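>>> Next come a sequence and a model predicted from it.
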Amino acid sequence: MTGIAIIGGSGLYQLDALENSRTETVSTPYGEPSDALTIGSMHGESVVFLARHGTAHTLPPHRVNYRANLWALKHMGVDTVISVCAVGGIRASIRAGTIIVPDQIIDYTWGREHTLYEQDLAEVTHIDFTEPYCAELRQALLAAAAAAAIEIVPGATYGATQGPRLETAAEINRMEKDGCDIVGMTGMPEASLARELGLCYAAVAVSANDAAGRGTGPIEMDAIKRWLESGLRGVKLILQQLLQARR
Ligand code: HPA
């Protein structure tokens, strides 16, 4: 692993631990990334940070320019990308506040620009996506969580939905039958674009709520914010351990 990037999801719009930082605006063949990139030093490692929804949280999941985001990170010399993301918990044991390092994905999104391999091709190109996340980075995240003594769920199937609305209870029941343990709106096509670009990509997810129909009533947006805040404190400790272990 060399250069590392962190994509911050809902609740993580900047990294306070990023020191001596500067911002850089990158234009890409696919349009503009969600925001300027912030480049700095975090726990002794050089890190590029990008707020997935923009620093002011104005881009909904289906409007994020995933192609431009990943292309811009690659352009900055990054080869490793950690996605920090919010999810809802489907599996009964994944309650609000839980931190998860998923290992599989089912994609329910539609209509998103999802590939770099569509125009001016010398030949049709497919990628292997059997294991959608980078094994080496997943192991580094699990080791960092253990070193930080943060309890996490070390594997789960992430169901990627279109949003921005949350799901119906019936959709969540169907997703559970499909094998989904958690549900989020940004995991795809981010993961497959990272693979197309040859980036080592893994995710660390915070469960912000019980998925639709799994809690005691409607999903409250204020409660999501509170659970995210507490989960993200743990994620930051995991990131600190991971970065320190790379030095
Ligand atoms: N569904 C989809 N995405 C989410 C959820 C959810 O319940 N919670 C946080 N992101």
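Thanks, I have the structure now.

>>> helix or strand for the closest residue to the ligand within the chain, which one?
Closest residue of the chain to the ligand, Cβ to the nearest ligand atom: G88 (2.3 Å). Yep, even glycine has a C-beta here, placed from its N, CA and C like the rest. In this assignment (DSSP states H and E), G88 forms part of strand 78-89.

>>> Next: I105.
Using DSSP H and E, the element containing I105 is strand 104-107.

>>> which secondary structure elements does that strand contact?
In terms of contacts (3 or more Cβ pairs under 8 Å, 6 or more residues apart in numbering; DSSP states H and E), strand 104-107 is packed against strand 157-160.

>>> W227: neighbour count?
Other residues lying near W227 total 22 when counted by other Cβ atoms under 10 Å.

>>> Can you check the pLDDT for it?
According to the prediction, W227 has pLDDT 96.

>>> Could you give the backbone dihedrals for it?
Backbone dihedrals for W227, given as degrees, to the nearest 10, come out at phi -70, psi -40.

>>> my guess is it contacts D210, does it?
No. Using Cβ atoms under 8 Å, W227 makes no contact with D210, being 9.8 Å away.

>>> Let me know whether the residue of the chain closest to the ligand touches G184 as I believe.
Yes. Applying Cβ under 8 Å as the test, G88 and G184 come out as touching, 7.3 Å apart.

>>> shared neighbours, the two?
By Cβ atoms under 8 Å, 6 or more residues apart in numbering, G88 and G184 have no common neighbours.

>>> Show me what from this structure comes close to the ligand.
Applying Cβ under 6 Å from any ligand atom, one finds that the chain approaches the ligand through 86-88, 161, 166-167, 183-185, 208-209, 211.

>>> mind redoing it with 5 Å?
Taking Cβ under 5 Å from any ligand atom as the contact definition, the chain meets the ligand at 86, 88, 166, 183-185, 208, 211.
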